[in-house]
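Asker: For reference, the sequence and a predicted model appear below.
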Amino acid sequence: MHPAPSIIAFSTFSGLGLGLLFWLGIDQTPPTGWVAFAFFAIGYILAVGGLISSTFHLGRPERAIKAFTQWQTSWLSREAWAAVAALLAMGLYAFLLVFFDTHVPILGQIGAFFCLVTVYTTSMIYGQLKTVPRWNTGLTPALFLSLSIAGGALLSGRVLIALVLLLVAGAIQGVWWRTGDTRFKKSGTDMKTATGLGSIGEVSAFEPPHTGTNYLLNEMVYTVGRRHANKLRVIALALMLVVPVVLLLLPYPHIFGVLALISHIAGVLVSRWLFFAEAEHVVGLYYGMR
Amino acid sequence: MTQLPEKTERKMGLVIDLDTCVGCHACVISCKGWNTENYGAPLSDQDPYGADPSGTFLNRIHSYEVQPENGPAQLIHFPKSCLHCEDAPCVTVCPTGASYKRVEDGIVLVNEKDCIGCGLCAWACPYGARELDQAEGVMKKCTLCVDRIYNENLPEEDRVPACVRTCPSNARHFGDLGDPDSDVSQLVAERGGIDLMPEQGTKPVNKYLPPRPKDRLNEEIDILAPLLAPVAEEPKGFLGWLDKTLEKL
């Protein structure tokens, strides 16, 4: 799948921002006043910035409001609703904390709940697709959720929780990669079922429909960079897991915390790039490609 | 809108005969010709006369080589367009309700005024039947020529999809696949029509007729074979000498 920068940025930064808002929402003793303002501002800039960047890949962004209508069937529509619910609830929660020094736990909890729901709906946009076997697993929501709350814990300065959650997210990422490598084969879709010609013999693509490329190939049969996938996996895991964990174990976690956070974000960006670049869509089979 | 109908009154669709398709791409051209100037936004091309041309097509022809265990390889031309699936995954993922499946005839359509061009439906389709038009920013797909098949301004013989009307080898058939007595349903039953990627669970309406088994050369019944035995003999004279000499070298 084509790794569109807008989508990678969106899912990484909104995941991180919503993770931060989640932790602020369930905090028993949340910050107030200007400290709260700073925390919530960061959370909102990341979450809203990510959501706005996701509209850049639309062909017709001016109609984006219509995406709220089909929540009954569409995960993308549900994501839109969950994001609005999360941002509204957390916005009110933050407003009361920042300007009135008032802590309304239930509001924060509702907001935190919708933050997680938003990340879950984002992950299900990918996880629901049978056409992309690598994504089509319950591990995809687990991966997105664990990265979101681990990043949020790191960003909100919860050192111990961040350490544990980073290890959990890293483990899920490892399993996701490992099982993902065989999932296309296990899906049972191959050139034989794609063409229905398997009963005659071995099928191979002889001639594509056109000499040039097309939307389908650009969007869904993106093969550039896959040969470096293994190296990039090591880089991603080192940046998002190993370096932050080591930095957090050093003394003065608040100084090294910033470096840990930057490293973690860079690692998640690499991982998210791989999430798309490595994903093979079954339509590639019609072109004899993966 | 994006909830699929429980049941459609009819299941209009195509039956594509892989045995008779000659891979001429005439259906591709007639499809593009009709659909670029009728229903919805035109089918744009990018850099059409340049070094890297591409464009939106609703119908494309692949060609496959199939190698049986015994015998020569076969070349099979393979037209592919929207299969108007009963469980169309492209419809349910649509966030705006632009994609829908019609109750009256099962045709899957895009209301382009509602399409935000997110591309999720194209991701959800296993067949590559949807293409985002790069000029218009909206999703384009086969409409089964919905503006031809019911069009009373056209002569009756033209009230079929453009691809079906134009096919010179009669490899494309159009009709109601929900009616077991229809010509297309009978054709499918007779020829053992198949679904593409049945394991994807999309329940495609369009069916493909597999190529008929190829004739095999059977020497036993060839009564003329003895008379046609090769008559070539060992060369004599100068050529014979040359042959032997060259052999020895």
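Answerer: Arrived safely.

Asker: how about the residue in chain B that chain A sits nearest to, what does it touch?
Answerer: Nearest residue of chain B to chain A: B:Gly117, at 2.0 Å (Cβ to the nearest Cβ). Just so you know, the C-beta spots here come from the backbone N, C-alpha and C atoms, and that holds for glycine as well. B:Gly117 is in contact with A:Leu58, A:Gly59, A:Arg60, B:Leu132, B:Gly137, B:Val138, B:Met139, counting by Cβ atoms under 8 Å, 6 or more residues apart in numbering or on different chains.

Asker: rerun that using 10 Å as the cut-off
Answerer: A:57-61, A:63-64, B:96, B:98, B:132-134, B:136-139 (Cβ atoms under 10 Å, 6 or more residues apart in numbering or on different chains).

Asker: hey, where'd the strands end up in chain B?
Answerer: B:12-17, B:45-46, B:54-55, B:59-67, B:74-81, B:99-101, B:108-110, B:131-132, B:139-140, B:172-176, B:207-209 (DSSP state E).

Asker: wait, the stretch 1-150 of chain A
Answerer: For the stretch 1-150 of chain A, applying DSSP state E, counting those that start in this stretch gives no strands.

Asker: who in it is up against chain B?
Answerer: Contact residues, the stretch 1-150 of chain A versus chain B (Cβ under 10 Å from any Cβ of the partner chain): A:1-2, A:4, A:7, A:54-55, A:57-80, A:125-126, A:128-132, A:135.

Asker: ok, of those residues, which come out buried?
Answerer: The neighbour count (16 or more other Cβ atoms under 10 Å in any protein chain shown) marks A:1-2, A:4, A:7, A:54-55, A:57-60, A:63-64, A:66-67, A:69-71, A:73-80, A:125-126, A:128-132, A:135 as buried among these.

Asker: Quick one: mark the members of those residues that sit in helices.
Answerer: In helices, defined here by DSSP state H, the members of those are A:Ile7, A:Ser54, A:Trp75, A:Leu76, A:Ser77, A:Arg78, A:Glu79, A:Ala80, A:Ile125, A:Tyr126.

Asker: Please identify the nearest residue in space to the residue positioned nearest the centre of chain B, excluding sequence neighbours.
Answerer: Nearest to the geometric centre of chain B sits B:Pro79, at 2.0 Å (Cα atoms, centre = their mean). Leaving aside its chain neighbours, B:Pro79 sits nearest to B:Ile61 (5.0 Å; criterion: Cβ to Cβ, 6 or more residues apart in numbering or on different chains).

Asker: about what we covered before: looking at the contacts of B:Gly117, which is nearest B:Leu246?
Answerer: For the contacts of B:Gly117, the residue nearest B:Leu246 by Cβ to Cβ is B:Gln134; the value is 63.7 Å.

Asker: any weak-confidence spans in chain B?
Answerer: For chain B, the stretches flagged by pLDDT under 70 are B:1, B:217-222, B:225-226, B:229-232.

Asker: Can you show me the helices along it?
Answerer: Counting by DSSP H, chain B has helices at residues B:26-36, B:89-92, B:120-124, B:146-149, B:162-166, B:183-191, B:237-248.

Asker: surely B:Ser101 meets B:Cys121?
Answerer: To be clear, residue B:101 is Lys; Ser isn't right here. No. Look at B:Lys101 against B:Cys121 with Cβ atoms under 10 Å: they stay out of range, at 11.9 Å.

Asker: okay, those two: which has more neighbours?
Answerer: Neighbour comparison, B:Lys101 and B:Cys121: the larger count goes to B:Cys121, with 27 against 23 (by other Cβ atoms under 10 Å in any protein chain shown).

Asker: If we ignore the residues flanking it in sequence, what's nearest that one?
Answerer: Counting by Cβ to Cβ, 6+ apart, the residue nearest B:Cys121 is B:Cys90, at 3.8 Å.

Asker: and the gap between that neighbour and A:Arg134?
Answerer: Separation of B:Cys90 from A:Arg134 (Cβ to Cβ, to the nearest Å) stands at 20 Å.

Asker: So those two - more neighbours on which side?
Answerer: B:Cys90 (27 against 23).

Asker: hang on, the earlier thing: quick check: neighbours shared by B:Lys101 and B:Cys121?
Answerer: Common neighbours of B:Lys101 and B:Cys121 (Cβ under 10 Å, 6+ apart) are B:Thr2, B:Ala88, B:Cys90, B:Val91, B:Thr92, B:Val108.

Asker: burial count for the fifth one?
Answerer: Residues contacting B:Thr92 under the criterion other Cβ under 10 Å number 20.

Asker: Ends of stretch B:47-67, what's the gap?
Answerer: Counting by Cα to Cα, to the nearest Å, you get 37 Å between the two ends of stretch B:47-67.

Asker: In that stretch, which residues are buried?
Answerer: Buried residues in stretch B:47-67, counting neighbours by 16+ other Cβ under 10 Å, are found at B:Ser54, B:Gly55, B:Thr56, B:Phe57, B:Leu58, B:Asn59, B:Arg60, B:Ile61, B:His62, B:Tyr64, B:Glu65, B:Val66.

Asker: For burial, what's the neighbour tally of residue 31?
Answerer: Reading this off chain A. By other Cβ under 10 Å, 16 other residues sit near A:Pro31.

Asker: was after chain B, sorry
Answerer: 26.

Asker: if we can go back for a sec, select from the ones in helices among the buried ones among the residues of the stretch 1-150 of chain A next to chain B the entry with the lowest predicted confidence.
Answerer: Lowest pLDDT within these is found at A:Ser54 (80).

Asker: Would you confirm that that residue contacts A:Gly15?
Answerer: No. With contact defined as Cβ under 10 Å, A:Ser54 does not count as touching A:Gly15 (11.6 Å).

Asker: Now do the shared contacts for these two.
Answerer: Common contacts of A:Ser54 and A:Gly15 (Cβ under 10 Å, 6+ apart): A:Thr122.

Asker: Could you list every helix and strand in contact with the longest helix seen in chain A?
Answerer: The residue-count maximum for a helix in chain A (DSSP H) belongs to helix A:159-186. Using 3 or more Cβ pairs under 10 Å, 6 or more residues apart in numbering or on different chains; DSSP states H and E, the elements in contact with helix A:159-186 are helix A:5-26, helix A:139-155, helix A:229-237, helix A:243-249, helix A:253-277.

Asker: swap the cut-off to 8 Å and go again
Answerer: Helices and strands touching helix A:159-186, by 3 or more Cβ pairs under 8 Å, 6 or more residues apart in numbering or on different chains; DSSP states H and E, are helix A:139-155, helix A:229-237, helix A:243-249, helix A:253-277.

Asker: on that earlier part again, need the contact list for the residue nearest to the centre of chain B.
Answerer: By Cβ under 8 Å, 6+ apart, B:Pro79 lies in contact with B:Ile16, B:Cys21, B:Cys27, B:Val28, B:Asn59, B:Arg60, B:Ile61, B:Cys163, B:Ala171, B:Arg172.

Asker: Of those, which is the most crowded?
Answerer: Result: B:Cys163 is most packed of these (other Cβ under 10 Å), 28 neighbours.

Asker: what's near enough to touch that residue?
Answerer: If a contact means Cβ under 8 Å, 6+ apart, then B:Cys163 has B:Leu14, B:Cys27, B:Val28, B:Ser30, B:Cys31, B:Asn59, B:Pro79, B:Ser81, B:Cys145, B:Arg172 as its contacts.

Asker: A:Thr137 now?
Answerer: Shown in contact with A:Thr137 (Cβ under 8 Å, 6+ apart): A:Gly127, A:Trp176, A:Thr179, A:Gly180, A:Arg183.

Asker: any idea how far the residue lying closest to B:Asn170 once chain neighbours are set aside lies from B:Cys121?
Answerer: The shortest distance from B:Asn170 to any non-neighbouring residue, by Cβ to Cβ, 6+ apart, is to B:Thr20 (6.2 Å). Distance, B:Thr20 to B:Cys121, using Cβ to Cβ: 31 Å.

Asker: Next: B:Thr143.
Answerer: Taken as Cβ to Cβ, the span from B:Thr143 to B:Cys121 is 14 Å.

Asker: Equivalent analysis for A:Gly108, please.
Answerer: Distance from A:Gly108 to B:Cys121, by Cβ to Cβ: 37 Å.

Asker: Return the set of buried residues in stretch A:24-36.
Answerer: With burial defined by 16+ other Cβ under 10 Å, the residues of stretch A:24-36 counted as buried are A:Leu24, A:Gly25, A:Asp27, A:Pro30, A:Pro31, A:Thr32, A:Ala36.
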